[in-house]
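Trainee: Here is a sequence together with a model predicted from it:
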Amino acid sequence: MLIGELSRRTGVSARLLRYYEAQGLLEAERGPNGYRAYDEDAVATVRKVRALLAGGLSTEVIRVVLPCTGEDGTAFDWCADIRDLMHRELAATDARIDDLRRRRTTLAGYLEGS
C-alpha cells in the first residue's frame, strides 16, 4: 500500500509516517517510481508505535522495544534487557512527575502570596 493509504488506515499523517521511517520504526520498500510501498503489517506497526508513544516512550526507546511488542503494542515478549530498559523509563517518568509536583507547589505558593 502507498503512504496515503497507510495514513488513511491508521489516522497518522504521511509526514509522521515518513518520520517513523526515518527513526527506524517503520519500513517501506521503494518502487521504481520512488514511491514508498508498505506491507499489511505496517498498519499494526504504526498502531504499536502510537500505543508506545502514548505510554511516554521516546522513538529511540520504541526502536529497541518494538520487536518485542505483542499484537497491540501493550504486551511484551520480554526479550533482551527490555525489562531493565522499561524500569529505567518508569524511573525517569517518576522523576519528571516529582519535578512537576515541586514546580506546582512553588507556583501555587506564589499565587497564595499575591
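Mentor: Noted; the coordinates are in hand.
Trainee: chain center to stretch 36-53, what's the gap?
Mentor: Once both centres are worked out by CA atoms, centre = their mean, to the nearest Å, stretch 36-53 turns out to sit 11 Å from its chain's centre.
Trainee: Same question for it: list its buried residues.
Mentor: Within stretch 36-53, the residues that qualify as buried by neighbour count (16 or more other CB atoms under 10 Å) are 36, 38, 42, 43, 45, 46, 47, 48, 49, 50, 52. For glycine as for every other residue, the C-beta is placed from the backbone atoms N, C-alpha and C.
Trainee: what's residue 10 in contact with, if anything?
Mentor: Applying CB atoms under 8 Å, 6 or more residues apart in numbering, we find residue 10 in contact with 17, 43, 46, 47, 50.
Trainee: Farthest-apart pair in these, please.
Mentor: Taking every pair in those and measuring CB to CB, the maximum separation is 12.3 Å, between 17 and 47.
Trainee: Show the low-confidence segments of this structure, by residue range.
Mentor: Applying pLDDT under 70 to the chain flags the ranges 71-77, 80.
Trainee: Thank you, goodbye.
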